[in-house]
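1. next come a sequence and a model predicted from it.
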Amino acid sequence: MSAEAGRERPGFRPDVEGLRAVAIVAVLLCHAGLRFVPGGFVGVDVFFVISGFLITRLLIGEIERTGSLNLLRFYGYRMKRLLPLVALLLVAVTALSYLLFSPRRSDIVSGEVIASALYVVNWRFAEQSVDYFGTGVEGSPVEHLWSLAVEEQFYLVWPLLLLAVTSPWRRSPRAVRRSAAVAVGLAGAASFAYCLTYTQQAPLPAYFSTLTRAWELALGGAIALAPVPRLGRGLAGALGVAGLAAIAIAAVAFSSRTPFPGHAALLPTLGTAAVIVAGSASAGAIAGRALSLPPVRHVGRISYAWYLWHWPALVFAAAAAGPLTMAQRVLVIAGSWVPAELSHRYVEWPLRRARQLRLHPARALSLGLGCSAVATLAALALVLSEPSVTLLSQDQVRGATALESDPRLQERASALRPDPVHPEEDRSRMQDDGCLTKLEDDEPKPCIYGFSGSRTRVVLFGDSLAMQYFPAIDRLADRHGWRLTGLTKAGCPPVAAPVYNHRLQREYTECARWRRQALDLIEEQRPETVIVSGRMATPVVDGGSPVEGSVADAMLRDGYAEVLERLRSTGARVVVIKDLPRSPRNVPDCVSESLDRLRDCAFERTAENSSEVDREAAAGVRGVRLVDPAPMVCPQDLCRAVIGGAIVFRDYDHLTPTFATTLDRWFDRRLPAVSR
């Protein structure tokens with residue numbers, strides 16, 4: 001690579017190239033699963049600050065020299081620099097997905113590939129992170145491309161912003177820089193304020209949001225615009241070392257439990273800023289000299305390619321060989337250096353230096369658009385390659401009723417409902433009506449079904465595991481003339497205990513507020529029957545920290561009993577529907593590739609995947625009846641993936657509305673006598 005180093009443009013910063021090596025190494029060590037760098041994901045934040053610095057310096061320099069920007073040249077250069085390598089990666093991802101993934105998982109990947117090719121995949125992941133049912137399939141091979149999407153969106157907007165705010169002052173370089181600094185400062189401050197608020201409210205979607213990350217890129221831009229005084233070598237060296245130490249501390253001290261980005265992102269980003277400023281203030285500072293060493297710079301030079309290839313390598317290796325040990329993850333990441341090096345040397349670098357593309361920006365732009373089109377076509381081909389399955393109508397599905405005549409395991413299926421590739425399309429009326437209160441909301445949304453004027457009132461109360469039984473209970477309401485009220489909230493079990501929510505990464509305070517109000521509504525309504533259900537494998541908060549195991553079980557049991565006592569005090573009959581076992585695999589995903597081997601998708605009911613908390617709580621409250629649907633889902637303690645032509649689970653532990661509908665007669669025989 002010495003030839004590359006010999007063609008550096010004026011103003012090139014070798015220390016910044018070396019800083020890219022720090023960023024990629026942090027990310028790689030984190031994804032390798034090394035315990036001493038659980039926060040290595042902050043390497044992405046280092047990349048953001050570097051990008052903001054370099055792009056702003058480039059754009060402002062051109063505005064100061066020419067009074068304008070050649071947008072065609074700018075966008076063309078960005079496209080030829082980034083898109084060919086991404087297109088190569090996405091084509092490889094689609095090919096390997098076809099070979100190694102189930103049709104269900106391949107379908108999901110195809111959508112993610114298209115979103116990646118269009119540089120909006122970060123918004124797709126943000127949406128999935130708040131979709132309570134989501135895709136239910138782990139390990140996207142393009143998940144890491146969210147950060148590239150953020151950068152591309154920045155590249156699209158940033159030059160337009162700078163051009164707009166500097167246009168009145170084009171003849172005064174000092175005024176150009178001043179107006180740009182004001183705009184960058186305001187944009188960065190607004191983004192940072194939003195970042196603090198949104199990270200606290202919903203950390204998972206906040207992680208992927210361009211709006212919560214823009215301030216990091218703006219910080220780099222501010223460094224490019226600010227006048228940096230000359231500093232002595234010692235002072236600049238101390239500043240640079242302190243910056244590297246801040247990045248290292250963040251990589252070591254942060255973890256997946258750290259609300260991020262939020263205020264925590266200040267540590268690695270300000271550390272990066274300190275390193276860049278130190279290099280600007282004194283070229284001979286120790287940090288700059290260390291980062292400018294040839295081996296370090298080479299890692300920084302291929303960091304883009306290595307970042308692209310390492311994550312798909314991990315995902316596909318796990319798909320082929322099963323869960324990877326830490327040593328195996330290290331080997332896979334080390335092996336991903338090979339495609340990174342080759343694609344950098346023979347794709348990225350030649351196109352980056354191509355004279356014709358440099359002289360004719362329109363060709364570079366066409367090349368980039370063509371690369372996006374190729375990746376999109378590859379994703380569409382992946383969709384078309386999926387095997388089709390005959391979709392039954394609801395009337396054709398026997399579901400749970402099939403067990404009455406034949407309790408044996410269904411071994412194969414040529415016709416099913418729902419489509420195992422698109423189980424999310426199988427939705428209940430209650431779900432379509434938006435009656436599952438969202439995570440961030442605490443106001444109950446009672447939905448009325450059946451006969452609204454009926455004096456026979458029944459309430460279905462709990463979390464999404466209560467809502468899953470709505471199709472069956474709704475049939476009973478229509479059959480017997482009930483007024484059925486649905487009161488459900490995502491991730492909020494009916495227990496008077498502080499619970500922890502993994503999606504929010506904090507105590508689920510909205511759940512406690514919603515539960516109190518929902519119980520007040522039930523007391524006001526004074527129904528004849530309350531049907532209750534919820535997930536019992538829920539972490540609770542004790543002493544400010546999430547706990548599981550026996551401590552959590554005891555808190556859940558006592559909290560459930562407290563709620564049941566309150567419901568019984570209204571004079572209502574109370575029915576607890578017992579929590580079902582959780583599948584070790586996403587069931588539709590397994591079914592989509594095992595239509596002739598459905599036994600592979602069945603799993604045993606064991607003490608490890610079943611909780612007795614709800615049974616014990618119900619037994620401790622006089623007059624509460626427990627109904628356990630496990631015999632209809634797991635006959636002889638073998639939980640089925642398909643029963644009577646119906647896929648049983650829509651993910652790991654939620655019943656499909658199709659199957660739940662077929663439980664109506666079974667529930668009718670087991671619910672207490674309600675006025676009919």
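-> Looks like it came in fine. Not measured: the values here are computed from a predicted model. Residues are numbered from 1 along each chain as shown.

2. tell me which element A193 is part of?
-> Assessed by DSSP states H and E, A193 sits inside helix 173-201.

3. and the contacts of the one helix or strand V458 maps to?
-> Assigned by DSSP H and E, V458 falls within strand 457-462. Outside strand 457-462, the residues within contact range by CB atoms under 8 Å, 6 or more residues apart in numbering are 450, 466-467, 469-470, 473, 477, 482-488, 492-494, 518, 522, 525-534, 567, 572, 674. C-beta: built from backbone N, CA, C; applies to glycine.

4. CA atoms of it as CSV?
-> Extracted in CSV, the C-alpha atoms of strand 457-462 (Å, rounded to 0.1, in the frame of the first residue of the first chain):
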residue,chain,number,x,y,z
ARG,A,457,-69.7,-7.7,31.1
VAL,A,458,-66.4,-9.5,30.5
VAL,A,459,-62.9,-8.0,30.6
LEU,A,460,-59.8,-9.4,29.0
PHE,A,461,-56.9,-7.9,31.0
GLY,A,462,-53.1,-8.2,30.8
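
5. any idea of the mean pLDDT in stretch 319-327?
-> Averaged over stretch 319-327, pLDDT sits at 92.

6. and for stretch 635-646?
-> 95.

7. which positions within it qualify as buried?
-> Within stretch 635-646, the residues that count as buried by 16 or more other CB atoms under 10 Å are P635, C639, R640, A641, V642, I643, G644, G645, A646.

8. keeping just the C-alphas, turn stretch 271-282 into PDB.
-> Below are the C-alpha coordinates for stretch 271-282, written out as PDB (Å, rounded to 0.1, in the frame of the first residue of the first chain):
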ATOM      1  CA  GLY A 271     -12.300  12.300  23.100                       C
ATOM      2  CA  THR A 272     -12.300  12.000  19.400                       C
ATOM      3  CA  ALA A 273     -12.500  15.800  19.100                       C
ATOM      4  CA  ALA A 274      -9.600  16.200  21.500                       C
ATOM      5  CA  VAL A 275      -7.400  13.900  19.300                       C
ATOM      6  CA  ILE A 276      -8.300  15.800  16.100                       C
ATOM      7  CA  VAL A 277      -7.700  19.200  17.800                       C
ATOM      8  CA  ALA A 278      -4.400  18.000  19.200                       C
ATOM      9  CA  GLY A 279      -3.300  17.000  15.700                       C
ATOM     10  CA  SER A 280      -4.300  20.400  14.300                       C
ATOM     11  CA  ALA A 281      -2.500  22.300  17.100                       C
ATOM     12  CA  SER A 282       0.800  20.400  16.800                       C
END
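
9. in its sheet, what does the strand holding V458 sit against?
-> Using DSSP bridges, strand 457-462 pairs in its sheet with strand 483-489 (parallel), strand 529-533 (parallel).

10. now the ones you listed in JSON lines, with distance to K445 and mean pLDDT?
-> Below are the strands paired with strand 457-462 laid out as JSON lines (distance: least, CB to CB, whole Å; pLDDT from 0 to 100):
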{"stretch": "strand 483-489", "distance to K445": "8", "mean pLDDT": "97"}
{"stretch": "strand 529-533", "distance to K445": "17", "mean pLDDT": "96"}
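
11. rewinding a little: and the next helix or strand past the strand holding V458?
-> Counting by DSSP H and E, the next helix or strand C-terminal to strand 457-462 is helix 464-467.

12. which strands or helices does that next one pack on?
-> Where contact means 3 or more CB pairs under 8 Å, 6 or more residues apart in numbering; DSSP states H and E, helix 464-467 is packed against strand 483-489, strand 529-533.

13. how far off centre is that helix?
-> What separates the centre of helix 464-467 from the centre of its chain is 22 Å, taken as CA atoms, centre = their mean, to the nearest Å.

14. what do you get for stretch 385-393?
-> 28 Å.

15. identify each buried residue in that stretch, please.
-> In stretch 385-393, counting by 16+ other CB under 10 Å, buried: E386, V389, L392.

16. V627: which of those residues is nearest?
-> Of all those, the one with the least separation from V627 (CB to CB) is L392, at 27.3 Å.

17. hmm, R417 and that closest one touching each other?
-> Yes. In this structure L392 lies within contact range of R417 using CB atoms under 8 Å: 4.2 Å.

18. what do the two both touch?
-> Common neighbours of L392 and R417, using CB under 8 Å, 6+ apart, are G645.

19. give me the pLDDT for the residue nearest to M536 when sequence neighbours are not counted.
-> Distance criterion CB to CB, 6 or more residues apart in numbering; nearest residue to M536, sequence neighbours excluded, is S611 at 3.8 Å. pLDDT, S611: 89.
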